[in-house]
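**Student:** Below is the sequence, then the predicted model.
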Amino acid sequence: MGNNMTSVTEFILLGFPLNKRTQMLLFGLFSLFYALTLLGNGVILGLISLDFRLHTPMFFFLSHLAIVDMAYACSTVPQMLVNLLSPAKPISFAGCITQTFLFLTFAVTECLLLVVMSYDRYVAICHPLRYSVIMSWRVCIMLVVTSWTTGVLLSLVHLVLLLPLPFCMTQKIDHFFCEIMAVLKLACADTHINELMVLAGAVSVLVGPFSSVIISYVYIFRAILRLQSGEGQSKAFSTCSSHLCVVRLFYGTAIIMYVGPRYGNPKEQKKYLLLFHSLFNPMLNPLIYTLKNSEVKNAMKGVLGIKSFMKG
């Protein structure tokens, strides 16, 4: 086996096996989506910082979600765009490992932030009189710091297990970025422990938190249905609908990818699903919050100085 191993200095990302014309079309399309991701999340951050009415725990968490979404896209999309222009251009070993680490960090952090946001909605609707006490700024900052710290630490665990592995001379990664399972398939060693940790990590940050979100919303919907006022019910639903849409998009694709049937060879369906997860989700999140959240729409009206923008 020694002849089949080398000190790997770079990898080649195979990306999408398409003809040149299709690749150029995708380059233009993905560049547009990437720009919209940065613009949309940037607008959300700008609105939250400019409008004092949005200086609340819910929008504090949303601002961090926007930061994660921007970083999430920035960790994978630029390299993918480069590969669409020059499919044979390699990524360095250090760059690949860094990309793996960053992607895992932002993915885990977003998982936990969505749980924190569901808890915030639970407290706001089920315990409105105690909301300001329970969701104090000290608690909010602690929850956000915990989410980021957990994301970094869990990713470091995967990195520590990945770095000692010897890699074969085959340096082609069957993916559009250095996704951890695709990288592990190039190792010339037993990766059972690594794959087990990926599965355990996925269960701990996907299935567990998703179950917490579901439980939170069971209590939330019960509390909403008890409200006597139809207007009150409508307002309560509107504050939750945008978060629920984002939760469905994020957890739905992530659970299918990492907690679904065992991996075997990377399937094309999962590759494209991960493309949706890393490119479209961050782009859609600010759009969902802008269209479905009345407070964000009102803030945008105020900033733009118009009265009929995005009516409804």
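**Tutor:** Everything's here; your move.

**Student:** from here on, contacts and neighbour counts on C-alpha atoms
**Tutor:** Will do.

**Student:** Which stretches in this protein count as helices?
**Tutor:** Remark: helices assigned in the chain by DSSP state H are 20-50, 57-74, 77-85, 93-126, 131-134, 137-162, 180-184, 192-202, 208-226, 230-258, 268-275, 281-292, 294-304.

**Student:** Buried residues, the fourth one. List them.
**Tutor:** Okay, so that is helix 93-126. By 16 or more other CA atoms under 10 Å, the buried positions in helix 93-126 come out as 93, 96-97, 99-126.

**Student:** Which secondary structure elements does it sit against?
**Tutor:** Judged by 3 or more CA pairs under 8 Å, 6 or more residues apart in numbering; DSSP states H and E, the packing partners of helix 93-126 are strand 10-13, helix 57-74, helix 131-134, helix 137-162, helix 208-226, helix 230-258.

**Student:** the inter-axis angle of that helix versus helix 192-202?
**Tutor:** Angle between the axes of helix 93-126 and helix 192-202 is 30 degrees (criterion: axes from the mean of the first three to the mean of the last three CA atoms, to 10 degrees).

**Student:** what bits of this structure have low per-residue confidence?
**Tutor:** Across the chain, the ranges flagged by pLDDT under 70 are 1-8, 87-88, 169-170, 228-232, 258-269, 291-294, 300-312.

**Student:** One more pass at 50, please.
**Tutor:** For the chain, residues meeting the criterion pLDDT under 50 lie at 1-6, 263-266, 307-312.

**Student:** what number of residues lie near residue 248?
**Tutor:** When counting by other CA atoms under 10 Å, one arrives at 12 neighbours for residue 248.

**Student:** Please apply the same query to residue 284.
**Tutor:** The burial count for residue 284: 20, using other CA under 10 Å.

**Student:** can you tell me which residues contact the closest residue to it other than its chain neighbours?
**Tutor:** Once flanking residues are discounted, residue 284 sits nearest to residue 37: 7.7 Å by CA to CA, 6 or more residues apart in numbering. Contacts for residue 37 (CA atoms under 8 Å, 6 or more residues apart in numbering) come out as 69, 70, 73, 282, 283, 284, 286.

**Student:** Skipping adjacent residues, who's closest to the fourth one in space?
**Tutor:** What that stands for is residue 282. Nearest residue to residue 282, sequence neighbours excluded (CA to CA, 6+ apart): residue 69, at 4.8 Å.

**Student:** looking at it, residue 65 is touching residue 112, isn't it?
**Tutor:** No: with contact defined as CA atoms under 8 Å, residue 65 does not count as touching residue 112 (10.0 Å).
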